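Participant: Here you go, sequence then predicted model.
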Amino acid sequence: MENNPFYFDKAPTAEQVWAAGMATYKQMRENERIAKEEFKELRALMKENAEHLKETERALSERFEETDHMLKETGRLINMNAERIKALDTKFFSQAGHIIEGLMEPSAMRLFKEAGYDIDRCTKNYKRHIKATGRKAEYDVILLDDTIAIVVEVKINCTKADVDHFIVQMGMFRELFPEAANKEVMGAIAAVNYDRESDIYAHDEGLFVIRVHDDDIFTLDHSDKAELRRF
């Protein structure tokens with residue numbers, strides 16, 4: 001209580017009350033001045049922080065725009081290169097497929113003759129479309145004798161889906177290839193690579209399986225003739 005200017009041990013005089021009032025007024029003015037100074041400093045600090053935040057926001061925005069541009073450009077280049085790679089890949093597999101088809105004719109005839117089939121002629125890249133029924137198909141190699149037709153589907157990489165598609169195509173073979181109307185018709189898959197045991201799958205589906213090795217050697221899996229599918 002001793003710091004309180006209005007605390008008196010006994011009844012104050014007018015001068016004491018006036019002095020206490022002035023002391024209180026001066027203290028209030030000092031407190032006001034300090035408060036204003038602190039408020040001024042706070043406003044300056046807030047302004048400084050606001051400018052800093054604004055600058056940081058601008059820098060982040062510019063960096064985001066730059067990063068976004070880089071990502072878009074990178075995506076464009078990736079797509080462009082992917083299209084080029086896809087085109088080269090398609091071209092490679094197309095050319096490689098034609099090469100294997102070219103090698104397939106003499107090799108397949110030899111393989112099936114060794115397996116006991118009297119093959120004497122071959123038709124390659126046979127395509128036909130019957131407009132009346134809408135049926136159309138393409139057959140890579142057709143091996144023939146007077147009683148048998150063996151159709152060979154040539155692939156670089158063979159999948160189970162390729163085997164299924166070939167079986168569907170073979171279901172139209174007699175209609176699209178009239179010469180085989182009275183022949184025993186069988187199918188064969190020839191591939192450099194068989195994906196996910198598609199060779200076993202083809203064998204189980206009653207097809208011949210021909211393997212094309214890196215040194216251009218062709219081998220025919222021995223199959224039980226009774227299990228071969230007739231189309």
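Facilitator: Alright, I've got the coordinates.
Participant: Tell me which stretches of the protein form strands.
Facilitator: 121-130, 135-144, 148-158, 184-194, 208-212, 218-220 (DSSP state E).
Participant: Okay, angle between the third one and strand 121-130 too, please.
Facilitator: Meaning strand 148-158. Orientation of strand 148-158 against strand 121-130 (axes from the mean of the first three to the mean of the last three C-alpha atoms, to 10 degrees) gives an angle of 80 degrees.
Participant: can you give me the angle the lengthiest helix in the chain makes with strand 121-130?
Facilitator: Using DSSP state H, we find that the single longest helix of the chain is helix 14-114. Helix 14-114 and strand 121-130 are oriented at 130 degrees to each other (the same axes, to 10 degrees).
Participant: Could you give the number of residues near the closest residue to residue 135 other than its chain neighbours?
Facilitator: Leaving out its chain neighbours, the residue that sits closest to residue 135 by C-beta to C-beta, 6 or more residues apart in numbering is residue 172, at 5.1 Å. For the C-beta atoms, the positions are set from N, CA and C on the backbone; glycine is no exception. By the criterion of other C-beta atoms under 10 Å, residue 172 has 17 neighbours.
Participant: Show the backbone phi and psi for residue 172.
Facilitator: Note on residue 172: its backbone torsions stand at phi -100, psi 0 [degrees, to the nearest 10].
Participant: Do you know the pLDDT at it?
Facilitator: With respect to pLDDT, residue 172 has a value of 93.
Participant: and if you look at residue 75?
Facilitator: Looking at residue 75, its pLDDT is 76.
Participant: Then residue 72?
Facilitator: 81.
Participant: do you know how far it is from residue 65?
Facilitator: 11 Å (C-beta to C-beta, to the nearest Å).
Participant: ok, now residue 156?
Facilitator: In terms of C-beta to C-beta, residue 156 sits 45 Å off from residue 65.
Participant: Those two: who's more crowded?
Facilitator: A count of neighbours by other C-beta under 10 Å puts residue 156 above the other of residue 156 and residue 65, at 15 against 10.
Participant: looking at it, the more buried one is touching residue 194, isn't it?
Facilitator: No. Applying C-beta atoms under 8 Å, one finds residue 156 not in contact with residue 194, separated by 10.8 Å.
Participant: Out of the strands of the chain, the one nearest residue 39 is which?
Facilitator: Ranking the strands of the chain by proximity to residue 39 (C-beta to C-beta) places strand 148-158 first, at 77.8 Å.
Participant: tell me the angle of that closest one relative to strand 135-144?
Facilitator: Here the directions of strand 148-158 and strand 135-144 differ by 110 degrees (the same axes, to 10 degrees).
Participant: any idea of the angle strand 148-158 forms with strand 184-194?
Facilitator: Using the same axes, to 10 degrees: strand 148-158 against strand 184-194 is 20 degrees.
Participant: and the gap between residue 64 and residue 227?
Facilitator: Taken as C-beta to C-beta, the span from residue 64 to residue 227 is 65 Å.
Participant: mean confidence for stretch 136-152?
Facilitator: 93.
Participant: What lies in contact with that stretch?
Facilitator: By C-beta atoms under 8 Å, 6 or more residues apart in numbering, the residues outside stretch 136-152 that reach it are 101, 104-105, 108-109, 112, 117-130, 153-154, 169-170, 172-173, 176-177, 179-180, 183-190, 208, 210.
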